[in-house]
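[1] Could you work out the structure for the sequence below:
(chains A and B)
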There are 2 protein chains.
Amino acid sequence: MASNHELAVEILQTIPGYVSEFQFVFDSSHININMVTESIAEFERTLVTPNSRFDQWLLGDKDALTDQEKDGYRLFKLTGCAGCHNGPAEGGQAYQKMGSFNSYDTTHPSIGRQAVTGSRSDRMRFKVPTLRNIELTYPYFHDGQARTLEEAVDTMVWVQLNRKFSPTGNAKAVSFLKTLTGDLPQIILPILPPSGPDTPSPQPFE
Amino acid sequence: MASNHELAVEILQTIPGYVSEFQFVFDSSHININMVTESIAEFERTLVTPNSRFDQWLLGDKDALTDQEKDGYRLFKLTGCAGCHNGPAEGGQAYQKMGSFNSYDTTHPSIGRQAVTGSRSDRMRFKVPTLRNIELTYPYFHDGQARTLEEAVDTMVWVQLNRKFSPTGNAKAVSFLKTLTGDLPQIILPILPPSGPDTPSPQPFE
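    Predicted coordinates:
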């Protein structure tokens, strides 16, 4: 990775459009990797999706959710979903074992965090995903096995919570999940600055 | 192709967000391929890059070009470049043989229009490219062999016009070409509508 960072910085330094942007922002004619990562992080900070109907409701707009959706939220808390899917992002704050109660059936080879830590106790432990915009981010799970929210909810309550929802309960939970869709960022397609005379030719990987 | 068009339309028809957009624009709940191609064409009509300094100069702003750039434009016409690179797009209006006077050296396998027409006389005949925004669209030629405008200009005047520019002439021509960069379209990254319950799963090609 160190060598890739060096290469990235070297190439950026040959592109006049980047040199002048970095000069403008960091007041330095010499680009370094910290400036690059800071720039990327600054962009990533814009990737938020505020103003979902659930947010509006939490902020006091009582009419932002229907009764069905409020029932879904109640079920979401009572059943235990909120035990892991919590915080501002409704998730993203912990690793949890996929299959706490009942095992998850999959032919997908991933073994979860065990592949990172080497520890047997991390087998099938994955990061709890955020539920924000979940309606738009199908298919679900690390293997993409569930194509619909209905299916994902049924699987989750069974393998994680040892419960089964009635079709009505499932519909309530799903209707709540759909209130988590926020305003997506409007990103203008960047027009990248042209190479300079010293920019090396691309070398395709072999 | 017909079968791909049918498949495309069938899939669009299962995505509620597209159905309502097409309904809104074409006043029909039934999508067909003509609506699709018309929509794409309408988008493509926005992909223009007006207001280059050369355009401004042609429209009467005498100060839009420097003397060096005006010299370059004179050279561009006198030498014969404008014989093919003409019209609103400074090109794009004809197929021409690459190597009218002197053969173009390349190891690239393309044989040009001959591959389409089968005719020997179309060997190494290519579409004359537009020169608008040429500063940004390196590398040059069908094989990407020329990395810089300087190099591309030298090659072109030699193989097409049997001429050699002095370094000064080359610099003038290049400075003119750089006045053809216009305002690029600002495109907001589209947020695609989610699949519906009847949208088929993606089937990776084998």
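
[2] switch to C-alpha atoms for all contacts and neighbour counts from now on
    Will do.

[3] Quick check: pLDDT value at the residue of chain A found nearest chain B.
    As assessed by Cα to the nearest Cα, chain B sits closest to residue A:188 within chain A, at 4.2 Å. The model reports residue A:188 with a pLDDT of 92.

[4] Got phi/psi on it?
    phi -80, psi 130 (degrees, to the nearest 10).

[5] For the residue lying closest to it once chain neighbours are set aside, which residues are in contact?
    In space, and not counting its chain neighbours, residue A:188 is closest to residue B:188: 4.2 Å by Cα to Cα, 6 or more residues apart in numbering or on different chains. With contact set as Cα atoms under 8 Å, 6 or more residues apart in numbering or on different chains, residue B:188 has these partners: A:186-189.

[6] In TSV: these, plus secondary structure.
    Shown next, in TSV, are these (DSSP: H, G, I helix; E, B strand; the rest coil):
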residue	secondary structure
A:186	coil
A:187	coil
A:188	strand
A:189	coil
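
[7] Any of the residues you listed buried? List them.
    Among the contacts of residue B:188, none counts as buried by neighbour count (16 or more other Cα atoms under 10 Å in any protein chain shown).

[8] List just the nearest of the residues you listed to residue A:117.
    Taking Cα to Cα as the measure, residue A:187 is the one of the contacts of residue B:188 closest to residue A:117, at 36.2 Å.

[9] Am I right that residue A:176 is in a helix?
    Yes: per three-state DSSP, residue A:176 lies within a helix segment.

[10] residue ranges with poor pLDDT in chain A?
    Residue ranges of chain A with pLDDT under 70: A:1-3, A:204-206.

[11] 90 instead, please
    A:1-4, A:29, A:147, A:190-206 (pLDDT under 90).

[12] got the residues of it near chain B?
    Residues of chain A lying close to chain B (Cα under 8 Å from any Cα of the partner chain) are A:135-136, A:148, A:184, A:186-189, A:191, A:194, A:197.

[13] Most widely separated two among these?
    Most distant of the residues of chain A next to chain B, by Cα to Cα, are A:148 and A:197, 50.9 Å apart.

[14] With neighbour numbers in mind, choose between the two.
    Taking other Cα atoms under 10 Å in any protein chain shown, residue A:148 and residue A:197 do not tie; residue A:148 has more neighbours (17 against 11).

[15] ok, now which ones touch the more buried one?
    A:138-140, B:197.

[16] do the same with residue A:164
    By Cα under 8 Å, 6+ apart, the contact set of residue A:164 is A:154, A:157-158.

[17] Surely it is within a helix?
    No: applying three-state DSSP, one finds residue A:164 to be coil, outside a helix.

[18] Domains in chain A, by residue range?
    Domain segmentation of chain A under automatic domain parsing yields A:2-42, A:53-180.

[19] Any chance of these in a markdown table with distance to residue B:144 as columns?
    Below are those laid out as a markdown table (distance: least, Cα to Cα, whole Å):
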| stretch | distance to residue B:144 |
| --- | --- |
| domain A:2-42 | 19 |
| domain A:53-180 | 39 |
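
[20] and among the ones you listed, the most buried is which?
    Across those, averaging neighbours per residue (mean count of other Cα atoms under 10 Å in any protein chain shown) puts domain A:53-180 on top, at a mean of 17.

[21] quick one: terminal-to-terminal distance for that one?
    Across domain A:53-180, the terminal residues are separated by 7 Å (Cα to Cα, to the nearest Å).

[22] repeat for stretch A:17-36
    14 Å.

[23] Contacts for it next, please.
    Contact with stretch A:17-36 is made by A:5-6, A:9, A:12-13, A:193-194, as judged by Cα under 8 Å, 6+ apart.

[24] one more time with 10 Å
    A:2, A:5-6, A:8-13, A:16, A:39-42, A:192-196 (Cα atoms under 10 Å, 6 or more residues apart in numbering or on different chains).

[25] where do the helices sit along chain A?
    A:2-13, A:16-26, A:33-44, A:53-58, A:67-79, A:114-117, A:149-161, A:167-177 (DSSP state H).

[26] contacting residues around the first one?
    Contacts of helix A:2-13 from elsewhere in the structure, counted by Cα under 10 Å, 6+ apart, are A:1, A:18-20, A:22, A:29-36, A:195-196, A:198-200.

[27] do the same with the last one
    The contact list for helix A:167-177 (Cα under 10 Å, 6+ apart) reads A:53-54, A:65-76, A:81, A:131-135, A:148-154, A:157, A:164-166.

[28] 6 Å - rerun?
    Identification of contacts with helix A:167-177 by Cα atoms under 6 Å, 6 or more residues apart in numbering or on different chains yields A:68-69, A:72-73.

[29] cool, the fifth one as well?
    Contact with helix A:67-79 is made by A:172-173, A:175-176, as judged by Cα under 6 Å, 6+ apart.

[30] can you rerun that using 10 Å?
    Identification of contacts with helix A:67-79 by Cα under 10 Å, 6+ apart yields A:54, A:57, A:64-66, A:81-83, A:85-86, A:157, A:161-165, A:168-179.

[31] How about the contacts made by the nearest residue to residue A:100 once chain neighbours are set aside?
    Sequence neighbours aside, residue A:160 is the residue nearest to residue A:100 in space, at 4.9 Å (criterion: Cα to Cα, 6+ apart). Counting by Cα under 10 Å, 6+ apart, residue A:160 touches A:80-81, A:96-104.

[32] now swap in residue A:185 and tell me
    Residue A:185 sits next to A:46-50, B:188-189, B:191 when contact means Cα under 10 Å, 6+ apart.

[33] Counting neighbours, which of these comes out on top?
    Counting neighbours by other Cα under 10 Å, residue A:50 leads the contacts of residue A:185 with 16 neighbours.
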